[in-house]
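> Quick one: sequence and predicted model below, then my questions.
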Amino acid sequence: MSRVCQLTGKKANNGMSVSHSHRRTKKLQQANLQWKRIWWVEGKRWVKLHLSTKALKTLELKGLAAMAKEAGLNLNKF
């Protein structure tokens, strides 16, 4: 599975690593992704998702069903 948040779509960012002498080399800044089991109230079961930590914070405010609808996810497949 690719390193992409299933709810927000966050993924890796291209950046530059800068040394003390200011030499610049390319690096990849990965998103902080976690596997989480979340209770889906409407489906009355656990759903395992690959989420960014930012999505976890937003999930507490909006709820799983609302975020999945925004992302266009069918939770029955997870």
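Received, thanks.

> Give me the mean pLDDT for whatever helix or strand residue 37 lives in.
According to DSSP states H and E, residue 37 maps onto strand 33-40. Averaging pLDDT along strand 33-40 yields 96.

> Tally up the residues packed near residue 47, please.
Residue 47: 18 surrounding residues under other CB atoms under 10 Å. (Glycine included, C-beta is placed from N, CA and C.)

> And residue 57, by the same measure?
As a burial measure, residue 57 scores 9 neighbours (other CB under 10 Å).

> Equivalent analysis for residue 7, please.
22.

> wait, doesn't it sit right on residue 71?
Yes - here residue 7 reaches residue 71: they are 5.0 Å apart, a contact under CB atoms under 8 Å.

> Can you show me the helices along this structure?
Taking DSSP state H to define them, one finds helices in the chain at 53-62, 64-71.

> Turn those into a markdown table, columns for mean pLDDT and distance to residue 3.
Listed next are these as a markdown table, based on pLDDT from 0 to 100; distance: least, CB to CB, whole Å:
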| stretch | mean pLDDT | distance to residue 3 |
| --- | --- | --- |
| helix 53-62 | 96 | 13 |
| helix 64-71 | 95 | 16 |
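
> quick one: which of those is nearest residue 12?
Closest to residue 12 of the helices of the chain, according to CB to CB: helix 53-62, at 14.4 Å.

> That closest one versus strand 33-40: what angle between them?
20 degrees (axes from the mean of the first three to the mean of the last three CA atoms, to 10 degrees).

> Now tell me what touches helix 53-62 from outside.
Residues outside helix 53-62 that contact it (CB atoms under 8 Å, 6 or more residues apart in numbering): 5, 7, 8, 10, 32, 34, 36, 38, 51, 67.
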